[in-house]
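In: Build me a model:
(one chain, ligands or ions: 1)
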Amino acid sequence: MAAINSDLSVIGYTFEDIQAMASEVLKHSTLRPKIGIICGTGLDGIAEAVENQTVVSYDSIPGFPVSTVKGHSGHFVFGTLQGKAVLLMRGRLHYYEGYPMWKVAMPVRVMKAVGIETLLVTNAAGGLNPDYKTGDLMVIKDHIDLPGLTGECVLIGKNDERFGPRFLATNGTYDKDLRQKFMEVVAEMGHADIIKEGVYIMIGGPTFSSTAEVRVLRMFGADAVGMSTVPEAVVGRHSSMRVFGVSLITDMVDFEDGSQFQVTHDDVLKVAHQRAQLMKKMFLKFVQFID
Ligand SMILES: O=P(O)(O)O[C@@H]1C[C@H](O)[C@@H](CO)O1
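Out: Predicted structure coming up:
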């Protein structure tokens, strides 16, 4: 592949860089998936259900960044789910790992160049809505891009129109039909009680929020808080993909001053593992309805 341009901090990966990475990924499989799935923290149980797997390690792709977070292994998985070709990312990149925002979401551009048309994103998140409980699933109906609002939007920098437009409307980012279908699938499986629909707010992390902060996040109108997803969803829309997102509520934030409860990453992983089989079953049913 061509040398990665030297001024990455300003302009990111060029269109040609992304195409070269996609060609590298495509060399590993004859499958040409249109469905892409990004597995959130501890949520790569979905990958277990993938048949005819081919694994492409991120570090085998020249110029591709690697994830450094426990619960995120670092590879793409090609294969089939219910006979449908899919490409999974087992391991995502986070802003708090030190990657600039444009780098966090560059794999989505690689997915687009591979041929992905529908992007399904999962994450682990903290529940802000008092009606939620740990273990619930929240279909994302909208997001609040807190880093974006404060000057760290993923689309900042030179824009190449071959990726998408300079100015992007982000209302309606999460596809209504896919949201509805997922809710139906979950209800048909008898789990209507754990499925919610709400607003995800992204914080930069890696700190979990203070008591004063969670009150602000709730006042903003958010139902769940996390440290990912928004840059990927925005780049997905920028690339004209259909985007769907679901958060697993791994912990409920505490609004009480002086609370002794302090969430840990291991708490998050524990709940993600408890829900792994159910998430897998839901996705197996859900993908059947995606063209
Ligand atoms: O990759 P996601 O957003 O699922 O990961 C969440 C947010 C942090 O990375 C981590 C905190 O435990 O889980």
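
In: burial of residue 130, as a residue count?
Out: 11 (other C-beta atoms under 10 Å). Any C-beta I mention is one placed from the backbone N, CA and C, and that applies to glycine too.

In: now the one 4 residues further on
Out: Neighbourhood size, residue 134 [other C-beta under 10 Å]: 16.

In: How about residue 82?
Out: 15.

In: Leaving out chain neighbours, which residue sits closest to it?
Out: residue 288 (5.2 Å; C-beta to C-beta, 6 or more residues apart in numbering).

In: Kindly report the same for residue 179.
Out: Nearest residue to residue 179, sequence neighbours excluded (C-beta to C-beta, 6+ apart): residue 139, at 5.2 Å.

In: In which helix or strand does residue 85 reside?
Out: strand 84-90 (DSSP states H and E).

In: CA atoms only: put that strand into CSV for me.
Out: C-alpha atoms of strand 84-90 as CSV (Å, rounded to 0.1, in the frame of the first residue of the first chain):
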residue,chain,number,x,y,z
LYS,A,84,-25.6,-13.6,5.7
ALA,A,85,-22.1,-12.3,5.1
VAL,A,86,-20.9,-10.1,7.9
LEU,A,87,-17.7,-8.3,8.9
LEU,A,88,-17.2,-7.8,12.7
MET,A,89,-14.8,-5.6,14.5
ARG,A,90,-13.7,-7.4,17.6
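
In: can you start the count at 13 instead of 1 from here on
Out: All set: I'll call the first residue 13, so the last point we hit is now strand 96-102.

In: From the contact counts, what lies against it?
Out: strand 47-51, strand 87-93, helix 118-126 (3 or more C-beta pairs under 8 Å, 6 or more residues apart in numbering; DSSP states H and E).

In: quick one on the thing from earlier: my guess is the residue nearest to residue 94 meets residue 92, correct?
Out: No - using C-beta atoms under 8 Å, residue 300 is not in contact with residue 92, being 11.9 Å away.

In: Please verify my assumption that the residue nearest to residue 191 contacts residue 261.
Out: No - counting by C-beta under 8 Å, residue 151 does not reach residue 261; the two are 11.7 Å apart.

In: So for the two, which sits in the more crowded spot?
Out: More crowded of residue 151 and residue 261, by other C-beta under 10 Å: residue 261, with 27 against 20.

In: My guess is the more buried one contacts residue 143. True?
Out: No - applying C-beta under 8 Å, one finds residue 261 not in contact with residue 143, separated by 10.8 Å.

In: okay if I get the helices and strands packed on strand 96-102 as a markdown table plus mean pLDDT, distance to residue 169 and mean neighbour count?
Out: Putting the helices and strands packed on strand 96-102 into a markdown table (pLDDT from 0 to 100; distance: least, C-beta to C-beta, whole Å; neighbours: other C-beta atoms under 10 Å) gives the following:
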| stretch | mean pLDDT | distance to residue 169 | mean neighbour count |
| --- | --- | --- | --- |
| strand 47-51 | 97 | 22 | 26 |
| strand 87-93 | 96 | 25 | 21 |
| helix 118-126 | 98 | 12 | 25 |
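
In: Out of those, flag the one nearest the ligand.
Out: strand 47-51 (8.2 Å; C-beta to the nearest ligand atom).

In: Past that closest one, which element shows up next along the chain?
Out: Sequence-wise, the next helix or strand downstream of strand 47-51 (DSSP H and E) is strand 63-69.

In: quick one: strands adjacent to that following strand?
Out: strand 87-93 (antiparallel) (DSSP bridges).

In: what does the strand it pairs with contact?
Out: For strand 87-93, contacts defined as C-beta atoms under 8 Å, 6 or more residues apart in numbering pick out 37, 40-41, 43, 45, 47, 58-59, 61-70, 97-103, 295-296, 299.

In: Give me the buried subset of those residues.
Out: Buried subset of these (neighbour count, 16 or more other C-beta atoms under 10 Å): 37, 41, 43, 45, 47, 58-59, 61-62, 66-68, 70, 97-103, 295, 299.

In: now the helices and strands packed on strand 96-102 in CSV, with distance to the ligand?
Out: Formatted as CSV, the helices and strands packed on strand 96-102 follow (distance: least, C-beta to the nearest ligand atom, whole Å):
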stretch, distance to the ligand
strand 47-51, 8
strand 87-93, 15
helix 118-126, 13
